[in-house]
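Asker: build me a structure from this.
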Amino acid sequence: MLAVGISEDGQREILGLEMSLSETEEGWRRFIRSLKERGLSGVELATSDAHEGLKQALQESFPGLIWQRCQSHFRRNVLDQTPSDYRDQMHEVLDQILEASSQKEARTRLDDLREQLEEKASSALRALEDGFYEATAVLALPEKYRRRLRTTNMLERFIQEICRRERVIRIFPNMDSAYRLVGALCAETHEEWSTGRRYLNMDEYFEWRADRSVEDALDEETSLNGEPTARSATVPA
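Answerer: Numbering: from 1, shown residues only. Here you go, the predicted model:
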């Protein structure tokens, strides 16, 4: 289990690492609890794939948190349920919806395409409907922040580097040896991120947050607990 975040200063950070043989809700809850015990607080948005255990753990740990479903995973899920002869068109449909200027506009675009999608890709339409609000939560934020907060690509790239290093070792004799390798890479990357170029300039975000309430920016369904969301986004975890 691995979490990365973006600080109030706009710097990327490695938040924590835990070795686990499976990703259960209890495992995620324990991992998040350990992050909070080490000082993690003020988390306003989490971007992840649609893992139910992780969602539930986030709900319990950070009430009011905005959860952004990774759009890359969401796209793949919708496309997997799209007939092969309609996938090119579905790519365009997803672009229209996920790159809308607001969640309201995205909803209008989906409604306008409903009849066409029902006829050509009904299973994909259901997947699109089921995950719509979770996948478009980021549209509430100022546009400059959306591209980097809408997916887990930053985390995925780091995991790819971990896997590349692991292939050199091939087999770890025990868990401690795995921790040493991955932990060293985490420390190295954290140092590069936290002292390097700022990943996001947060000034516009803080101005946006001060000027408007998230209740006006997000549909109630965006919140994990089904209540109006009370906070905005800075930290994908």
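
Asker: any regions of this structure where pLDDT drops low?
Answerer: Across the chain, the ranges flagged by pLDDT under 70 are 212-237.

Asker: find the nearest non-adjacent residue to Ser72, please.
Answerer: Thr151 (4.6 Å; CB to CB, 6 or more residues apart in numbering). Where you see a C-beta, it was placed from the backbone N, CA and C, and this is true even at glycine.

Asker: looks like that neighbour contacts Gln71 (just checking).
Answerer: Yes: between Thr151 and Gln71 there is a contact under CB atoms under 8 Å: 5.2 Å.

Asker: which residues outside the strand or helix carrying Glu192 are in contact with it?
Answerer: In this assignment (DSSP states H and E), Glu192 forms part of helix 175-195. Applying CB atoms under 8 Å, 6 or more residues apart in numbering, the external contacts of helix 175-195 come out as 2, 7, 11-14, 17, 19, 158, 161-162, 165-166, 169, 172, 199.

Asker: mind checking the SS state of Val138?
Answerer: What DSSP: H, G, I helix; E, B strand; the rest coil gives for Val138 is helix.

Asker: report how many residues lie close to it.
Answerer: 26 (other CB atoms under 10 Å).

Asker: one more: Ser34?
Answerer: 13.

Asker: who's in contact with the closest residue to it other than its chain neighbours?
Answerer: Nearest residue to Ser34 in three dimensions, chain neighbours excluded: Gly16, at 6.5 Å (CB to CB, 6+ apart). Residues in contact with Gly16 (CB under 8 Å, 6+ apart) are Met1, Leu2, Ala3, Phe31, Ser34, Leu35, Arg38, Leu40.

Asker: thought the third one was touching Leu15?
Answerer: Yes: here Ala3 reaches Leu15: they are 4.1 Å apart, a contact under CB under 8 Å.

Asker: the strands in the protein, which residues?
Answerer: Applying DSSP state E to the chain gives strands spanning 2-6, 12-17, 45-48, 66-69.

Asker: break the chain into its domains for me.
Answerer: 2-70+152-222, 71-138 (automatic domain parsing).

Asker: got a markdown table for those domains, with distance to Arg146 too?
Answerer: Supplementary listing: the domains of the chain in a markdown table, determined by distance: least, CB to CB, whole Å:
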| stretch | distance to Arg146 |
| --- | --- |
| domain 2-70+152-222 | 10 |
| domain 71-138 | 5 |
